[in-house]
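**Q** Just to be clear, the model below is a prediction. Sequence and coordinates:
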Amino acid sequence: MNNEFYVGWGILALINAGLAQGKNRTGLNWFLLSLLLGPLATLFLVLSAKR
């Protein structure tokens with residue numbers, strides 16, 4: 001696989017961590033979850049309500 005794929009996946013995880021903190025959720029947990037789930041974690045974050 002290309003290195004760009006891994007870089008993009010990591011950037012998405014960082015973006016998800018920022019989104020999670022903006023919704024008063026734990027950024028580190030969502031970062032780690034995003035490394036596993038990728039775009040699905042983004043979908044879950046976008047659809048979830050702010051705490």
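**A** Nice, I can see it. Nothing here was measured: the structure is a model prediction, and the numbers come from that model.
**Q** average pLDDT for the host helix or strand of residue 7?
**A** Using DSSP states H and E, residue 7 sits in helix 3-22. Across helix 3-22, pLDDT averages out at 94.
**Q** Apart from its chain neighbours, what residue comes closest to residue 9?
**A** residue 38 (6.0 Å; Cβ to Cβ, 6 or more residues apart in numbering). In this view, the C-beta of every residue, glycine as well, is placed from N, C-alpha and C.
**Q** how close does the one you found get to residue 31?
**A** Distance from residue 38 to residue 31, counting by Cβ to Cβ, to the nearest Å: 12 Å.
**Q** Which of the two has more residues huddled nearby?
**A** Neighbours were counted for residue 38 and for residue 31 using other Cβ atoms under 10 Å; residue 31 has more, 19 against 15.
**Q** wait, what's in contact with that one?
**A** 13, 14, 16, 17, 20 (Cβ atoms under 8 Å, 6 or more residues apart in numbering).
**Q** how about a cut-off of 6 Å?
**A** 13, 17 (Cβ atoms under 6 Å, 6 or more residues apart in numbering).
**Q** Secondary structure element for it, which one?
**A** Assigned by DSSP H and E, residue 31 falls in helix 27-37.
**Q** how much distance is there from that helix to the middle of the chain?
**A** In terms of Cα atoms, centre = their mean, to the nearest Å, the centre of helix 27-37 is found 5 Å from the chain centre.
**Q** Apart from its chain neighbours, what residue comes closest to the spatially most central residue of the chain?
**A** In the chain, the residue lying closest to the centroid (Cα atoms, centre = their mean) is residue 16, at 2.7 Å. Distances taken as Cβ to Cβ, 6+ apart put residue 34 closest to residue 16, at 4.1 Å, once the chain neighbours are dropped.
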